[in-house]
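Asks: Okay, predicted coordinates and the sequence, questions at the end:
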Amino acid sequence: MKRKVLFFISAGLLLLSFYMVLVFVPTEKDMGIVQRIFYYHVPLAWVAFLAFFVVFFASIGYLVKRKPRWDHVACASAEIGLVFISLMLLTGMIWAKSAWGVWWIWEPRLTTSLVLWFVYVAYFIVRAYVVEEERKARFGAVVGIIGFLNVPLVFLSVTLWRTQHPPLTIFTDGLAGSMMATLLVCLFAFNFFYIYLLAEVTLMKADERAVRQLKEKSIRRNS
């Protein structure tokens with residue numbers, strides 16, 4: 001029941017965000033229509049960072065408690081985070097092509113974001129090559145904890161180094177009322193969508209583990 005409520009809330013907010021981005025908010029005078037990607041690029045980045053923080057927290061929880069539930073949450077959030085950071089990189093490249101004339105430049109924000117993407121690809125490679133459940137979860141937890149250390153580096157890269165990527169000063173410098181409203185709706189929509197996905201994928205991970213255990217028991221009985 002709770003998952004259904006989350007689904008309808010996130011679906012409603014996402015539909016509202018589509019309307020606000022495509023119809024409600026005015027076109028930015030300097031960058032034009034491509035600036036509308038900003039309303040998705042920022043929430044995608046935020047949710048990716050949030051997802052990796054959940055991986056970090058749940059990984060610590062698993063190493064301390066050694067309960068599978070913590071590993072299910074960590075793995076589910078890592079999957080979601082990897083999707084969101086992939087979309088963040090993609091939307092950033094589209095925006096970069098319009099603003100800088102190239103799809104990619106090796107500047108600090110983009111480079112550290114790509115490194116973060118590779119870290120969580122490595123997270124799943126590690127898990128894929130370990131068969132035993134407890135070792136898989138333990139190794140994944142270590143990578144999940146170490147990988148999160150790159151998140152603050154990505155966030156602070158625009159202040160630590162000279163970079164072409166603009167700093168995120170929207171909440172200090174301010175946006176026009178309709179622009180700020182649209183951004184906030186998009187942030188709320190993506191946050192609720194993340195929570196819904198986390199609940200669904202965590203449950204799926206638990207079911208997958210239960211199926212694997214049943215298969216292992218069946219093999220042992222027949223051998």
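Replies: Right, received. Where do you want to start?
Asks: got a pLDDT number for residue 67?
Replies: pLDDT for residue 67: 91.
Asks: dump the residue contacts of it.
Replies: Contacts of residue 67 were listed using C-beta atoms under 8 Å, 6 or more residues apart in numbering, and they are residue 61. Quick note: C-beta positions are derived from backbone N, CA and C, even for glycine.
Asks: lowest average confidence, helix or strand, in the protein?
Replies: For the chain, counting by mean pLDDT, DSSP states H and E, helix 170-173 ranks last in confidence among helices and strands (a mean of 52).
Asks: after that one comes which helix or strand?
Replies: Beyond helix 170-173 on the C-terminal side, the first helix or strand identified by DSSP states H and E is helix 177-222.
Asks: Pull out the buried residues from stretch 70-86.
Replies: Neighbour-count burial for stretch 70-86, with 16 or more other C-beta atoms under 10 Å as criterion, is recorded at 70-82, 84-85.
Asks: Stretch 134-151 now?
Replies: Of the residues in stretch 134-151, those with enough neighbours to count as buried (16+ other C-beta under 10 Å) are 136-141, 143-145, 147-148, 150-151.
Asks: Now do it: distance to the chain's middle.
Replies: What separates the centre of stretch 134-151 from the centre of its chain is 16 Å, taken as C-alpha atoms, centre = their mean, to the nearest Å.
Asks: Could you do stretch 45-57 as well?
Replies: Here the centre of mass of C-alpha atoms in stretch 45-57, compared against the chain's by C-alpha atoms, centre = their mean, lies 6 Å away.
Asks: Same question for stretch 28-45.
Replies: Taking the mean C-alpha point of stretch 28-45 and that of its whole chain, the gap between them comes to 18 Å (C-alpha atoms, centre = their mean).
Asks: what does it contact?
Replies: Outside stretch 28-45, the residues that touch it by C-beta under 8 Å, 6+ apart are 17, 20-22, 25, 27, 84-85, 87-88, 91-92, 94-95, 98-99, 168, 170, 179, 182-183, 186-187, 189-191.
Asks: what kind of secondary structure is the spatially most central residue of the chain in?
Replies: In the chain, the C-alpha nearest the mean C-alpha coordinate belongs to residue 48, at 2.2 Å (C-alpha atoms, centre = their mean). Classification of residue 48 using DSSP: H, G, I helix; E, B strand; the rest coil returns helix.
Asks: Please apply the same query to residue 102.
Replies: On the basis of three-state DSSP, residue 102 is classed as coil.
Asks: Looking at it now. What's its pLDDT?
Replies: What the model reports as pLDDT for residue 102 is 82.
Asks: so where does the nearest residue to it once chain neighbours are set aside fall, helix or strand?
Replies: Leaving out its chain neighbours, the residue that sits closest to residue 102 by C-beta to C-beta, 6 or more residues apart in numbering is residue 96, at 6.5 Å. If you go by DSSP H and E, residue 96 is part of helix 68-100.
Asks: Check the contacts of stretch 28-45 for burial and list the buried ones.
Replies: Among the contacts of stretch 28-45, those buried by neighbour count (16+ other C-beta under 10 Å) are 17, 20-21, 25, 84-85, 87-88, 91-92, 95, 179, 182-183, 186-187, 189-191.
Asks: And residue 124, how far from residue 136?
Replies: As for residue 124, its distance to residue 136 is 11 Å (criterion: C-beta to C-beta, to the nearest Å).
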